[in-house]
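**Student:** Show me the folded form of this:
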Amino acid sequence: MSESLPTILIVDDEVRSLESLERNLFADFDVRTATSAAEAEKILEQEWVQIILCDQRMPEETGVQFLTRVRERWPEVIRIIISGYTDAGDIITGLNEAGIYQYITKPWRPDELMQVLKNASKMFELQRQNELLAIELRMLDKTAESTIESRRARLKDRYNDEDGIIRAKQSPMNGVCQTLRQIAAFDLPVLIMGESGTGKELAARSLHYNSLRWNKPFVVENCGALSDELLESELFGHKRGAFTGAVEDHIGLFERADGGTIFLDEIGEVTPSFQVKLLRVLQEGEIRPVGSNKTRKVDVRVIAATNRDMDEEVRMERFRKDLYFRMAGIVVTMPPLRERAGDVPALADHLLRQAVKELGKDAKGFTPEAVDCMRRYQWPGNVREMQNEIQRMLVMAPDNALLGSELLSPRVVHAAPEEDKDEMAILSEFNGSLKDRIEQLEARVLHETMIRHRWNKSKAAKELGLSRVGLRGKLERYGLEKVEQLDVNGQDDDDGELVDQQTSKSAKSVRQTTKLSSAQDKG
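**Tutor:** Okay, here's the model as predicted:
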């Protein structure tokens, strides 16, 4: 029996906008549409709707006004605003009065919109489960408490045993993980530096779950995503009536994290005016909600992260020196993925397992050529870019197949073998006599060229200035003919010769081309 699709109600007075949204969503949702708030209310009275996607600017009333009424009558429905206007007042009013789940700006991107709506559908289901659990908890308080503590303990054990950071045995990350374990138990502020996608939040969670605060809240805020007004409200809270739209008291994240840890991501994006407010919290350990004249003490460990060069930011007076030294009690630097080439195989396997679980599609793993390409690529987007690339490979691959280099994006396949190394560094890897070293270099050039041309001998031979016969001879000499790839028809690119599928066992010979045997030397 197939599962029914979640029902979404789209409210927009523009017919074209309704049609565009419906075209993008009908495959994953049971779509209902309305051109006015009154029409939408009639649908809500007759049907069970899980999500409302409502335009903000409508003739009769704003989306926030309509969703405020929806919140009163149908509080379980997930409410989302979509608008081409990003007024801070509208956002704050929507958050407080209408209790909106997300504020989406136009023009919207189909993939991002779909992800938000799928998350909203999951949130709706979680709310239903939470209601059922609340009933059960009244009867099973002790059992529930024991279960929560057990889950917390398992989570703590995971970060205690593995740090939550996937890496090889001999990895540049080992020193970072050792530092994280060493400083976790000490209640000092930590500044984590590194490029985007290097795992700064993962390191922060490792610090929290290995600290004495592990059984208390861990909250996260991206400081670069909000204006000063919104950020102050989110972190410190506000009192009712503090500003337009503040219809009720709001508890800030610092207060919610009392006794635990708060992770302030992208701290380098905070404006100088807000830095002053944040400095007082770190110095005095107290907050003052917006609109209140009373301060509140909080016991929170602060972990911050940034992808900026903070020494340069301080020198250019874009970041306060006193705040920097207050936050940087201990500085941890996360190495980029291009400096962790040895971690790529283990990390790729881990990300593939995650993708298989999330996408519901199986795969046997990666071919040696695909792993070699991923090792050579510099990954400017770091782990996040690799995660996206592997998900793409899995989607494009046949079911339950090995993921080969032909599934990689061109930028990954065409990456230079040693982008970061100069000529002397590359040559230093070769050894033996002059003849041996020249052959090792030739084998590497041949292998890299064949991969870039996806084992098309005609194209590779043309680039290298060789005949097909000459190229085939060199491939045979260095054992590279045994790892030729099959095209989509299972045939060689030109002459239709079927490649022996059993020869994939000898792919190991490719990695041995830099250490030619004495038998090859005699040949």
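**Student:** Buried ones in the helix or strand that contains residue 438, by neighbour count?
**Tutor:** Assigned by DSSP states H and E, residue 438 falls within helix 434-452. Judged by neighbour count (16 or more other Cβ atoms under 10 Å), helix 434-452 contains these buried residues: 436-437, 439-441, 443-444, 446-452. For every residue, glycine as well, the C-beta is placed using N, CA and C.
**Student:** any idea how far residue 130 is from residue 256?
**Tutor:** 18 Å (Cβ to Cβ, to the nearest Å).
**Student:** neighbour count winner among these two?
**Tutor:** Per other Cβ atoms under 10 Å, whichever of residue 130 and residue 256 has more neighbours is residue 256, with 15 against 10.
**Student:** circling back: using a markdown table, lay out the buried residues of helix 434-452 together with distance to residue 367.
**Tutor:** Shown next, in a markdown table, are the buried residues of helix 434-452 (distance: Cβ to Cβ, whole Å):
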| residue | distance to residue 367 |
| --- | --- |
| 436 | 28 |
| 437 | 28 |
| 439 | 25 |
| 440 | 23 |
| 441 | 24 |
| 443 | 19 |
| 444 | 18 |
| 446 | 18 |
| 447 | 14 |
| 448 | 16 |
| 449 | 18 |
| 450 | 13 |
| 451 | 11 |
| 452 | 15 |
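**Student:** Doesn't residue 49 belong to a strand?
**Tutor:** No. Going by DSSP: H, G, I helix; E, B strand; the rest coil, the assignment for residue 49 is coil, not a strand.
**Student:** how near is it to residue 222?
**Tutor:** In terms of Cβ to Cβ, residue 49 sits 30 Å off from residue 222.
**Student:** So for those two, which sits in the more crowded spot?
**Tutor:** Neighbours per residue (other Cβ under 10 Å) separate residue 49 from residue 222, with residue 49 holding more: 21 against 16.
**Student:** Just say helix, strand or coil for the residue nearest to residue 171 when sequence neighbours are not counted.
**Tutor:** Residue nearest to residue 171 in three dimensions, not counting chain neighbours: residue 343, with 5.1 Å by Cβ to Cβ, 6 or more residues apart in numbering. Per three-state DSSP, the secondary structure class of residue 343 is helix.
**Student:** Tell me, how many residues neighbour residue 343?
**Tutor:** 23.
**Student:** Kindly report the same for residue 73.
**Tutor:** By the criterion of other Cβ under 10 Å, residue 73 has 10 neighbours.
**Student:** returning to that earlier point: tabulate the buried residues of helix 434-452 (JSON lines), appending pLDDT.
**Tutor:** Shown next, in JSON lines, are those (pLDDT from 0 to 100):
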{"residue": "436", "pLDDT": "81"}
{"residue": "437", "pLDDT": "82"}
{"residue": "439", "pLDDT": "83"}
{"residue": "440", "pLDDT": "83"}
{"residue": "441", "pLDDT": "84"}
{"residue": "443", "pLDDT": "84"}
{"residue": "444", "pLDDT": "79"}
{"residue": "446", "pLDDT": "84"}
{"residue": "447", "pLDDT": "80"}
{"residue": "448", "pLDDT": "77"}
{"residue": "449", "pLDDT": "81"}
{"residue": "450", "pLDDT": "80"}
{"residue": "451", "pLDDT": "77"}
{"residue": "452", "pLDDT": "72"}
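**Student:** Closest to residue 228 out of these?
**Tutor:** residue 452 (49.0 Å; Cβ to Cβ).
**Student:** So that closest one is in contact with residue 410, correct?
**Tutor:** No. Judged on Cβ atoms under 8 Å, residue 452 makes no contact with residue 410 at a distance of 9.2 Å.
**Student:** who does the helix or strand hosting residue 17 touch, helix- and strand-wise?
**Tutor:** Element membership for residue 17, per DSSP H and E: helix 15-25. Judged by 3 or more Cβ pairs under 8 Å, 6 or more residues apart in numbering; DSSP states H and E, the packing partners of helix 15-25 are strand 7-11, strand 30-34, helix 110-139.
**Student:** list the buried ones in it?
**Tutor:** 17, 18, 21, 24, 25.
**Student:** same thing with stretch 114-121?
**Tutor:** Buried positions in stretch 114-121, judged by neighbour count with 16+ other Cβ under 10 Å: 114, 116, 117, 120, 121.
**Student:** what's the angle from the helix or strand just after the helix holding residue 438 to helix 434-452?
**Tutor:** Downstream of helix 434-452, the first helix or strand assigned by DSSP H and E is helix 457-464. Here helix 457-464 points in a direction 130 degrees away from that of helix 434-452 (axes from the mean of the first three to the mean of the last three Cα atoms, to 10 degrees).
**Student:** how far does the next helix or strand after helix 457-464 sit from the chain's center?
**Tutor:** Once helix 457-464 ends, the next helix or strand along the chain (criterion: DSSP H and E) is helix 468-477. Centre-to-centre, helix 468-477 and its host chain are 43 Å apart (Cα atoms, centre = their mean, to the nearest Å).
**Student:** Alpha carbons only: can I get helix 468-477 in PDB?
**Tutor:** C-alpha atoms of helix 468-477 as PDB (Å, rounded to 0.1, in the frame of the first residue of the first chain):
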ATOM      1  CA  ARG A 468      46.600   4.300 -31.200                       C
ATOM      2  CA  VAL A 469      49.000   1.300 -31.600                       C
ATOM      3  CA  GLY A 470      51.700   3.300 -29.800                       C
ATOM      4  CA  LEU A 471      49.400   4.300 -27.000                       C
ATOM      5  CA  ARG A 472      48.200   0.700 -26.600                       C
ATOM      6  CA  GLY A 473      51.700  -0.500 -26.400                       C
ATOM      7  CA  LYS A 474      52.600   1.900 -23.600                       C
ATOM      8  CA  LEU A 475      49.400   1.100 -21.700                       C
ATOM      9  CA  GLU A 476      50.300  -2.600 -21.900                       C
ATOM     10  CA  ARG A 477      53.900  -1.900 -20.800                       C
END
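**Student:** Quick one: mean pLDDT for it?
**Tutor:** For helix 468-477, the mean per-residue pLDDT is 86.
**Student:** Any buried residues in it, and which?
**Tutor:** Neighbour counts over helix 468-477 (16+ other Cβ under 10 Å) mark 471, 474, 475, 477 as buried.
**Student:** Surely the third one and residue 445 touch.
**Tutor:** Looking back up the chat, that one is residue 475. No. Residue 475 lies out of contact with residue 445 (Cβ under 8 Å); the separation is 12.0 Å.
**Student:** got any ranges where the chain has weak pLDDT?
**Tutor:** Residue ranges of the chain with pLDDT under 70: 1-3, 86-90, 132-164, 415-429, 481-523.
**Student:** Spatially central, which residue of it would that be?
**Tutor:** residue 384 (4.8 Å; Cα atoms, centre = their mean).
**Student:** mind listing what the nearest residue in space to that one that is not next to it in sequence touches?
**Tutor:** Nearest residue to residue 384, sequence neighbours excluded (Cβ to Cβ, 6+ apart): residue 197, at 3.5 Å. Neighbouring residues of residue 197 by Cβ atoms under 8 Å, 6 or more residues apart in numbering: 337, 381, 382, 383, 384, 385.
**Student:** returning to that earlier point: which one of the helices and strands packed on helix 15-25 is the most hemmed in?
**Tutor:** Across the helices and strands packed on helix 15-25, the average number of neighbours (mean count of other Cβ atoms under 10 Å) peaks for strand 7-11, which reaches a mean of 23.
**Student:** Give me the sheet partners of it and which way each runs.
**Tutor:** With DSSP bridges as the test, strand 7-11 is paired with strand 30-34 (parallel), strand 51-55 (parallel).
**Student:** Quick one, which of those gets closest to residue 269.
**Tutor:** strand 51-55 (29.2 Å).
**Student:** and whatever helix or strand comes next after that closest one, what other elements does it pack with?
**Tutor:** Downstream of strand 51-55, the first helix or strand assigned by DSSP H and E is helix 63-73. The contact analysis (3+ Cβ pairs under 8 Å, 6+ apart) places helix 63-73 against helix 37-46, strand 51-55, strand 78-83.
**Student:** possible to save the ones you listed as a markdown table with distance to residue 456?
**Tutor:** Listed next are those as a markdown table, based on distance: least, Cβ to Cβ, whole Å:
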| stretch | distance to residue 456 |
| --- | --- |
| helix 37-46 | 56 |
| strand 51-55 | 47 |
| strand 78-83 | 47 |
